[in-house]
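J.: turn this into a model:
(3 chains)
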Amino acid sequence: METVGFLLDGIFTSLQWFNLALLIFGCLIGLFVGAMPGLGSVNGVAILIPITFIIPPTAAIIFLAAVYYGAMYGGAISSVMLGIPGASTAVATVFDGRPLAVKGEAMTALTAAAVGSFVGGTVSVILFTLFAPPLAEVALRFNAPETFALMVMAFATFVGLGGDDVPKTIFSILIGLALSTIGLDLITGKPRLIFFNIPGFLHGINFLVLAIGIYGIGEMLWTLEETKGKVQMSKLSVNMKEVGRAFGALKKTIMAMNIGSFLGFFVGILPAAGATPASLMSYGITKQLSKNSKEFGDGVPAGVVAPECANNSASTGSMLPMLTLGIPGSPTTAILLGGMILWGLTPGPLLFTQEPEFVWGLIGSLYIANFFTLVLNIALIPAFLMVLRIPFAILAPVIFVLCVTGGYAPTQSLHDVWLMLLFGFAGYILRKLDYPVAPAVLSIVLGPLAEKALRQSLILSDGSMGIFFDVSEKPIAAVIMYIAIVLLIMPAFGPLYRRLLKKKQTA
Amino acid sequence: MSITNKITVKRAEIVVAVILALCSIALMIKSAENRITWNAEENMGAGFLPFYLSLGMLICTVLTIIKFVLKRSPQSKDDTPFIDAVAFKFIAVTIISLVVLVLAIGYLGIYFSLIFFLAFYLRYFSEKSIAFITIFAITTPILTFLFFEWMLKIPLPQGISEPLFYPVYDFMYGGFSFAVKMIFIILTIFLPTALVLLISKFIK
Amino acid sequence: MSIIKKLALVVVSLSLVAVSSVSSAKPFSPKKPVELIIPAGQGGGADEIARLVQGVIEKNDYASKPVIPINKSGGSGGEAMTYVKKKAGDEHTLIITLNNVLTTPVNQPELGIDFFNDFTPLARLITDTFLVWIATEGKNTAGVETFDDFIDLARGNGLVMGGTGSMSEDELLLGMMRGQFGFDAKYVPYSGGGAVAKGLVGGESDFTLNNPSEQMGFYQSGDSKALVMMTPERNPAFPEVPSSYELGYPDLEYYMMRAFMAPAGIDAEVEKYYTGLLHTVYHDDEFQTFNIDDGKLMSWLEGFGLKDFLAIEYAKHGEIIKNFN
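T.: Numbering: from 1, shown residues only, chains lettered A, B, ... in the order given. Coordinates of the predicted model:
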């Protein structure tokens, strides 16, 4: 129970007034940066690295943790209020968060996101404290074949997400995957699909470009058509009754919280997976297990809780491979890792024993940051809701400005802004013709991870797919793969099974 | 009969499906610039996955076209206009102004382009007063600048307007105290607003 | 020509003279934040140094405007190099190098990058070294104690090597070793040195050619060990690891250079300013301590010395690539 002592020390350290002030300031910056489309914790953390040369490392890491967590919450705000995922971790939050806001239940959506995030964060800190060292060993054994199996499982959980038109749904998945192959091929070192030799394609198509295009520009065009640019988006009132109702709605989301917290944490600790697949899988599995899975996508609180819970849980979990294996799961942790090295800390198996103050200080401050972001978030909900009161004619150009800057900022290239416009327009047309767009966004997020893991595995196995199914050689990979296959096949057999059941009953 | 009535959902469906099929073929050809084979001797080529993914896309579009011809999809029987005339105008104006905006960013820089974009867009879509629009169109780029360049240190494109920002940078990094900078920020936001309000009073 | 046009010409030329005289009177200093292009993603070795340089400059106020690191990782540095090439004459852009600036112009001729004319080399600050690493409990490398043991083992068996990406430094290095020692290995590309190091300790690969900082954590915990450092001398950060010269393989010498370049066509004044700035950073105590502790070699080089060095390295890499294919 030594670790608990360290953790408590860490928590008390972050409660010192100077650290606490930094923490709250960091949470606010994180919330704000996270809520801006295209910007995320990576931008917040990057500007702070130089500052951390001036303040002591402990204060610095508290600050950075606060920004990191604040941004995790912030991503949900833009997903709900603007319908644009602020970061890849908040993609799944759009699916139900946006419909809730459109229905006039933005309050419920934001409360669900905040409480879900808090629960996820809390559970993961507890799991981290109890099981970190043995889980580090699991993370170490989680290699390419296991990662690929996990990606297949992530896809499998999303079978039910498409529309009714099967060819159009598959087309959407495939185009997302195809777009994700643009750029340099890691395995052969050759540039792929560099159209017209434009250098902008060399960095590939960032998920944000597609997501901002489809959900930002496309959604605006869609609303413009529906409203003819004249109507206000929605009217709502903030009073105590609403608040009570919002919390009441959370009672039905306990299952989503459980799935999100535990799944999020376990996916989070796996190197190279991170919070994005965790939140997607959590959404998919919650939907499949839910009694009212048909309602998912039209705005149910559980559809917001599941991904938000998972991404916060996973972001604590992903500290584990970063600290013990030195592997950053995301650009943000990459910069954090850089910061650690600059402070003279060496990530590795010894970090837990050599620098316990640092490790547990980080985890402790993550926890405190989690708590304060929840408080700030609930307190700020009325302010966020103001967005919905802005007349559409004024909100629309502001969103376009956010889209343009958000498309530009991650890669600093106008090329991506053009692509974003193109995707926005194309997405709008395709959506009008019943092509589901969500599968394309999902596959562009997961595609690169899946391809890399697949091809690394195939090099190891000399091209044999058997590497994924060999229970004695790679038990983890095989088990995940078989589960994934069952998940994939289940929906196809579901109707068949029901039909059989009916026949039995009638017979 | 206007053009928007002629573009029915039915026609849009088949045109889009054919365009997507052509895009898939183009992707297949482009993928084939890299090795697309995968066999026992050689590992998966760089073009293998994109090639077969785009082949899959082609098959899906062909299925969509077949469904269309057999009149199996709801779109294939839908003779209503794809988009109504009013909405078409709005969307066309929006898209054209966005394209002009991005073109202008490359040349004029983002901050000045935004002023023109916002002024035009608000004038066209909202019934707000000129004074309001002017304030809005000037304040938004200033806030954008402060947020991106000052707070996040993310440089946005400035095009030919770059030299105009040198004095601003000199001030930002010129060793002034925090208070002076804050006063400056507040002034940059409120001065234009006050000015516009004053002028609009006089004109009225 | 009308009088107005003539007058305009006079005014323009006069103002040009005025501007140029003003600018030559004052020494150059940046007028806006300086973009520091990193031809790799966040978290790599180049990124680390770039952010260290940014931090050192900011903390000590070495420059009047901040340095802003921007990652352009596309196409093995191809994207970053094309970007800097297009910025010819721009006084507020710098690029930090990995060795991919030496290989990408050769590997991707369609980019049209002319390494010798598209950039103005400023200074080399650091060289990073490479070591041969194996896992302490590696199942295929059990019993390997020395580099010679390793070569014997590798000649007989097809070992798996983890690397940072196809045609990157470590795969070229593998190509070099293949020629020298007559063994081949299965190359598995990962993204980033951290993932490579983890793949080794996690048992997926049998050996790696990592930089010191990438394996430092596992080295300190005893999970991985180094067999040889590809340098003439031992490094104080790894006192028990022999150098390749000691073992009698002087051809096995390879470095990663961390140099800075500006776009082509900048004034001598500007070049002097940035070289001076980098020199100040180089001699900063914090910068020195950090890099030496990390096992890097402090190796300042500027001017003609740097140009010669780059020319030699460029030719050497061209040769390695030619032999590789």
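J.: against C:Pro33, how distant is the closest residue to C:Gln54 other than its chain neighbours?
T.: For C:Gln54, ignoring the flanking residues on the chain, the nearest one in space by Cβ to Cβ, 6 or more residues apart in numbering or on different chains is C:Val67 at 4.7 Å. For glycine as for every other residue, the C-beta is placed from the backbone atoms N, C-alpha and C. In this view, C:Val67 and C:Pro33 are 7 Å apart by Cβ to Cβ, to the nearest Å.
J.: the more surrounded of those two?
T.: More crowded of C:Val67 and C:Pro33, by other Cβ atoms under 10 Å in any protein chain shown: C:Val67, with 25 against 19.
J.: list the contacts of the residue in the stretch 201-325 of chain C that chain A sits nearest to.
T.: Per Cβ to the nearest Cβ, C:Gly217 is where the stretch 201-325 of chain C lies closest to chain A, at 1.9 Å. For C:Gly217, the contact set (Cβ atoms under 8 Å, 6 or more residues apart in numbering or on different chains) comprises A:325-326, A:346-351, C:197.
J.: burial measure for residue 107, as a count.
T.: By default, I'm working from chain A. Counted with other Cβ under 10 Å, A:Met107 comes out at 25.
J.: I was thinking of chain C, sorry if that wasn't clear
T.: Neighbours of C:Asn107 (other Cβ under 10 Å): 21.
J.: per-residue pLDDT, the closest residue to it other than its chain neighbours?
T.: Using Cβ to Cβ, 6+ apart and skipping the chain neighbours, the partner closest in space to C:Asn107 is C:Met167 (5.7 Å). Looking at C:Met167, its pLDDT reads 79.
J.: helix/strand/coil for C:Met167?
T.: Look at C:Met167: counting by DSSP: H, G, I helix; E, B strand; the rest coil, its state is coil.
J.: who touches it in this structure?
T.: A:189, C:76, C:103, C:107, C:321.
J.: so how far is C:Ala268 from the residue of the stretch 201-325 of chain C closest to chain A?
T.: Taking Cβ to Cβ, one finds C:Gly217 at 44 Å from C:Ala268.
J.: what of A:Gly44?
T.: A:Gly44 is 39 Å from C:Ala268, by Cβ to Cβ.
J.: who's more crowded, the two?
T.: Taking neighbours as other Cβ under 10 Å, A:Gly44 and C:Ala268 compare with A:Gly44 leading, 28 against 9.
J.: and the helix or strand harbouring the more buried one, what does it pack onto?
T.: Per DSSP states H and E: A:Gly44 is located in helix A:41-51. For helix A:41-51, the contact count by 3 or more Cβ pairs under 8 Å, 6 or more residues apart in numbering or on different chains; DSSP states H and E identifies helix A:17-35, helix A:57-81, helix A:331-342, helix C:45-60 as packing neighbours.
J.: quick one on the thing from earlier: what subset of the contacts of C:Gly217 is buried?
T.: A:325-326, A:346-351, C:197 (16 or more other Cβ atoms under 10 Å in any protein chain shown).
J.: mind checking which of these are in helices?
T.: In this view, the buried ones among the contacts of C:Gly217 that belong to helices under DSSP state H are A:351, C:197.
J.: now, among the buried ones among the contacts of C:Gly217, which is nearest to chain B?
T.: C:Ala197 (23.5 Å).
J.: surely that closest one touches C:Pro212?
T.: No: here C:Ala197 does not reach C:Pro212: they are 10.8 Å apart, not a contact under Cβ atoms under 8 Å.
J.: can you list the low-confidence ranges for chain B?
T.: B:1-2, B:40, B:203-204 (pLDDT under 70).
J.: domain-wise, how is it divided?
T.: With domains defined by automatic domain parsing, chain B comprises B:3-77, B:85-203.
J.: now the end-to-end length of the first one.
T.: Domain B:3-77 stretches 19 Å from its first residue to its last (Cα to Cα, to the nearest Å).
J.: I'd say A:Trp418 and B:Leu101 touch.
T.: No: counting by Cβ under 8 Å, A:Trp418 sits too far from B:Leu101 to count as a contact (11.3 Å).
J.: between those two, which is the more surrounded one?
T.: B:Leu101 (24 against 18).
J.: ok, now which ones touch the more buried one?
T.: So B:Leu101 contacts A:400, A:404, B:113-114, B:117 (Cβ under 8 Å, 6+ apart).
J.: how about those residues, which pair is most distant?
T.: A:Phe400 and B:Ser113 (11.8 Å; Cβ to Cβ).
J.: show me what the longest helix anywhere in chain B is packed against.
T.: In chain B, assigned by DSSP H, the helix with the most residues is helix B:178-203. Packed against helix B:178-203 by the contact rule (3+ Cβ pairs under 8 Å, 6+ apart) you find helix B:130-145, helix B:166-172.
J.: just the buried positions in the last one, please.
T.: Right, the one you point to is helix B:166-172. B:169, B:172.
J.: still on that earlier bit, which non-adjacent residue is nearest the residue of the stretch 201-325 of chain C closest to chain A?
T.: A:Gly348 (1.9 Å).
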